[in-house]
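[1] Sequence isn't available, so here's the structure alone:
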């Protein structure tokens, strides 16, 4: 159906932008630190969780796109969309739990960085929670109404996740993340994220 590809691309771009913003940043190094998780271990856990989440969303988006292209039945389209969003929701909850389990990194402002990171990722989690609820309410008795509903849903998700991305961007201005950046640059799991912003 015509609305499927733009919707999937829009959703993918928004979610991947959030994932990319989740790690990395600028700032100067500082020798001051607080007790917490070893920065290398923290980087491995957090970036690993974000990478798995991104891979899940990418794979799900590709499957959804293929499924929607082969679907003409409106109820089937809605079912596949809801299934994708429920999987994204579950994957996001798992990612947030893993990031929380990492604890605060043993760097300057570590607890604050961790708290803000968890807060931002929880916003993404809440976005998918709301998206599932909204998708389940989409009409299936009118193609135009479903198309309009999907477009509105995609724009809402994009808007919410873009705001979450801005939350991450503000972290490097708020905190000195130099020591954390060094640890992330040395961690293979962080390479996809750090290379874009370091």
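    Now that the structure is in, tell me what you want to look at. The shown structure was predicted, so the numbers you read here are calculated from the model rather than taken from an experiment.

[2] so residue 131 sits right up against residue 158, yeah?
    No. Using C-beta atoms under 8 Å, residue 131 makes no contact with residue 158, being 10.7 Å away. Any C-beta I mention is one placed from the backbone N, CA and C, and that applies to glycine too.

[3] who's more crowded, these two?
    Higher neighbour count among residue 131 and residue 158: residue 131, with 24 against 17, using other C-beta atoms under 10 Å.

[4] Would you mark the buried spots in the host helix or strand of the more buried one?
    Here residue 131 sits within helix 110-136, counting by DSSP states H and E. By 16 or more other C-beta atoms under 10 Å, the buried positions in helix 110-136 come out as 110, 113-114, 116-118, 120-125, 127-128, 130-132, 134-135.

[5] Same question for stretch 78-92.
    By neighbour count on 16+ other C-beta under 10 Å, the buried set for stretch 78-92 is 78-85, 87-89, 91-92.

[6] Same question for stretch 39-46.
    Neighbour-count burial for stretch 39-46, counted by 16+ other C-beta under 10 Å, picks out 39-40, 42-46.

[7] Show me what the helix holding residue 131 packs onto, helices and strands only.
    With contacts defined as 3 or more C-beta pairs under 8 Å, 6 or more residues apart in numbering; DSSP states H and E, helix 110-136 has these neighbours: helix 74-102, helix 143-174.

[8] Appreciated, that's everything.
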